[in-house]
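Undergrad: Got a predicted structure plus its sequence, pasted below:
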Amino acid sequence: MRAKPKVAIITPGSFPIPSSRSSSVETVVERLTNTLQNEVEFTIFGKKTKGLLRTEKLGNISYIRFIYRNWQGYLLKVVSVLSKLQPQIIQIENRPKYIPLVKQKFNKTPVWLSLHSTKFISASHIARDELVYCLHLVDKVIVNSHFLKNFLVEQTGCEAAKVVVNHLGVNTDQFVSKWSTNRLNRNEQVKTQLNIEGKKIILFVGRLRKIKGVHKILQAMPAIIQAVPDTLLVIAGSAYYGSDRKTNYVNDLYRLAKKFSNHVSFLSFIPHSEIHVWFEAADLVLVPSTGNEAFGLVNVEAMACGVPVIATNIGGMPEVIVHGKTGYLINTQNIEKELAQYVIELLNHPEKIKELGLNSVNRVNENFTWEKSASRVYHWYNEAIMEK
């Protein structure tokens, strides 16, 4: 019987794992490792917080946690324990600046970078020369979209062959199609439970940051309300993960919404374990990002529930959404107008919403499940170990 690959995963240390109040990075790590826990021997390093033990085993996954004060101190603690573990592969999540120290200590061990977005390869987080050096040291880079791979290669000259694409997935036990026969009328049932019955729900889920484009939805609302008076925009999220602390941008959103307050509802932070309920209640999900999002889990989670997504034609969005078949892609130069146009068209034609929703479910099942995503990672682990 083949021995299990022995893999150590270093999460950034910014958020605890596992936790319902973490970022998408920890969510992805949790989903992939849970799916592969019977095939791979995982040790996950993360942040120590109240309520989480310093070391524990959950299922077949070992967790080791340290108090995070700064990234250098955190990483030194991780490295000291790694020496005793002797993993076959070390995987660093979303922090290229961690690579040199780890590679210096483990120069004979494959060190991988799992990159989730463009944020931590931007000039505000790491100098270009330093980034190029880090990518030169690393043995493999896993990215979640072809957009992110192309961006990385073009910006840094990183060897394209060492960058592999692994589209993310959906937990299809949690995110279930509301069009399946045993869930018919689920949309209206959930609306009644949430006390929003009789409304047509357009939903935004995510952090309330300018780059996410929430203000663009609010700017489109007057036209939408005029055409479809029973529309309710639900904004689910906050400026910070796990906190309702308001920023100037969030205060601006509240001011914009005051003009039509009966048509807008702000929800505080919703744990990932509960967000599927709001997808089930939604008629449409809007993702009007103004910056290059690499993938966006919200797209595939909404689609798995049978909800069409209207998103900007930017970053990795076109790799997920098929324009006119599972949802719509809109021009970043004309967001408010096109957003209003497609929202009005779909809300006035519920049969089209169902058609796009069913297509979305099929697309997720064919391309975006955690099982498919985990299978690719497992293949790369075995491939790397056999090459050693």
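TA: That came in fine, so what should we check first?
Undergrad: how about low-confidence regions in the protein?
TA: In the predicted model, the chain carries pLDDT under 70 at residues 1-2, 184-187, 241-243, 388.
Undergrad: Walk me through the domains of it.
TA: Each structural domain of the chain that the record assigns through automatic domain parsing is listed here as a residue range: 6-169+369-387, 181-367.
Undergrad: among those domains, which is nearest Phe175?
TA: With respect to Phe175, and counting by C-beta to C-beta, the nearest of the domains of the chain is domain 181-367 at 3.8 Å. To be clear about C-beta, it is placed using only N, CA and C from the backbone, and glycine gets the same treatment.
Undergrad: Show me how far that closest one is from its chain's centre.
TA: Chain-centre distance of domain 181-367: 15 Å, with C-alpha atoms, centre = their mean, to the nearest Å.
Undergrad: Quick check: end-to-end length of that domain?
TA: End-to-end distance of domain 181-367: 22 Å, with C-alpha to C-alpha, to the nearest Å as the criterion.
Undergrad: show me where the chain has strands.
TA: For the chain, the strands defined by DSSP state E occupy 6-10, 41-47, 55-58, 61-66, 89-93, 111-115, 140-143, 163-165, 200-205, 231-236, 264-267, 284-287, 309-312, 327-330.
Undergrad: Paired strands for the third one, with orientation please.
TA: I take that to be strand 55-58. Looking at strand 55-58 with DSSP bridges, its partner strands are strand 61-66 (antiparallel).
Undergrad: how distant is the strand it pairs with from the center of its chain?
TA: On the basis of C-alpha atoms, centre = their mean, the separation between the geometric centre of strand 61-66 and that of its chain is 22 Å.
Undergrad: by how many degrees do that strand and strand 41-47 diverge?
TA: With axes from the mean of the first three to the mean of the last three C-alpha atoms, to 10 degrees as the criterion, the two stretches strand 61-66 and strand 41-47 enclose an angle of 30 degrees.
Undergrad: How much space separates the residue nearest the centre of the chain from Val364?
TA: With distances taken as C-alpha atoms, centre = their mean, the chain has Leu297 as the residue nearest its mean C-alpha position (3.7 Å). Per C-beta to C-beta, to the nearest Å, Leu297 is found 12 Å from Val364.
Undergrad: Overlap in contacts, the two.
TA: Val170 (C-beta atoms under 8 Å, 6 or more residues apart in numbering).
Undergrad: rewinding a little: would JSON lines of the domains of the chain with distance to Phe175 be doable?
TA: Converted to JSON lines, the domains of the chain look like this (distance: least, C-beta to C-beta, whole Å):
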{"stretch": "domain 6-169+369-387", "distance to Phe175": "10"}
{"stretch": "domain 181-367", "distance to Phe175": "4"}
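Undergrad: closest one to His379 among the strands of the chain?
TA: His379 sits nearest to strand 163-165 of all the strands of the chain, at 9.9 Å, using C-beta to C-beta.
Undergrad: And the helices in the stretch 101-250 of the chain, which stretches?
TA: Counting by DSSP state H, counting those that start in this stretch, one finds helices in the stretch 101-250 of the chain at the ranges 128-137, 146-156, 186-193, 214-227, 248-257.
Undergrad: right, and these - which one's nearest Asn334?
TA: Nearest to Asn334 among the helices of the stretch 101-250 of the chain is helix 214-227; the distance by C-beta to C-beta comes to 10.2 Å.
Undergrad: by contact count, what packs against the closest one?
TA: Contacts of helix 214-227 with other secondary structure elements, assessed using 3 or more C-beta pairs under 8 Å, 6 or more residues apart in numbering; DSSP states H and E, are made with strand 200-205, strand 231-236, helix 248-257, helix 335-347.
Undergrad: Tally up the residues packed near the residue nearest to Phe147 when sequence neighbours are not counted, please.
TA: Taking C-beta to C-beta, 6 or more residues apart in numbering, and ignoring the residues beside it in sequence, Phe147 has Gly316 as its nearest neighbour in space, at 4.4 Å. The number of residues packed near Gly316 is 25, by other C-beta atoms under 10 Å.
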